[in-house]
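Visitor: my questions concern the predicted model and sequence given below.
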Amino acid sequence: MKRSECLRYTTACALLAFSFGCGAPQIQGGPADSVKTCIQGKVWMKSPIDSKQVPYAGVSVNAWRHDKDLALVETKTDSDGNYCVEVPVGNFRVDLRAWGMERTEGKSYICQGSVQNIDPGKTPKRCGEDCFKTDILTQCEERADQRIGR
């Protein structure tokens, strides 16, 4: 390769790299400390054995935008079944979904429950403050054990 061709090739590569590297559109994200409010409560499991309601520890609680397939936040309940989620303040309602798996007396169960159409309010609050309160009751269904790769 001649020196002038090498110079043109290097310049073209540098210009191309600069165009793609610096000219790409920036994705706008919300600020890290955007205004939030909170929802708290307790998750209860209706025992599949004796139908007693017991606090459901270690279960996932997901907050979703109502009537949208848009997840907002996820947490797990503490050892007493308590949860608290912080959701963005906005002109929308929230759905909460709780689900977990249990193995009792040699049987597998999927336990799930939800609370729909919650208006958490527009007052900025954090977990530990006076949050909107709602409990979630889960129902359990027996599931047959299935092994993959048999």
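Guide: Sure, I can see it. A quick note: this is a predicted structure, and the numbers were derived from the prediction, not measured. Numbers count the residues shown, from 1 in each chain.
Visitor: could you dump stretch 106-117 to PDB, C-alpha only?
Guide: Output of stretch 106-117 as PDB, limited to C-alpha atoms (Å, rounded to 0.1, in the frame of the first residue of the first chain):
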ATOM      1  CA  GLY A 106     -43.600 -34.200  49.700                       C
ATOM      2  CA  LYS A 107     -45.700 -32.100  47.300                       C
ATOM      3  CA  SER A 108     -44.800 -29.000  45.300                       C
ATOM      4  CA  TYR A 109     -47.000 -25.900  45.300                       C
ATOM      5  CA  ILE A 110     -47.000 -22.600  43.400                       C
ATOM      6  CA  CYS A 111     -48.400 -19.800  45.600                       C
ATOM      7  CA  GLN A 112     -49.500 -16.500  44.100                       C
ATOM      8  CA  GLY A 113     -51.700 -13.500  44.800                       C
ATOM      9  CA  SER A 114     -52.200 -10.000  43.700                       C
ATOM     10  CA  VAL A 115     -53.700  -6.600  44.600                       C
ATOM     11  CA  GLN A 116     -54.900  -4.600  41.600                       C
ATOM     12  CA  ASN A 117     -55.400  -0.900  40.800                       C
END
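Visitor: who touches that stretch?
Guide: Residues from elsewhere that reach stretch 106-117 (C-beta atoms under 8 Å, 6 or more residues apart in numbering): 43, 45, 48, 56, 59, 66, 93, 95-103, 134-145. Where C-beta positions appear, they are placed from N, C-alpha and C, glycine not excepted.
Visitor: what's the average pLDDT for that stretch?
Guide: For stretch 106-117, the mean pLDDT works out to 95.
Visitor: next, the buried residues of that stretch.
Guide: For stretch 106-117, the neighbour count (16 or more other C-beta atoms under 10 Å) marks 109, 111-113, 115 as buried.
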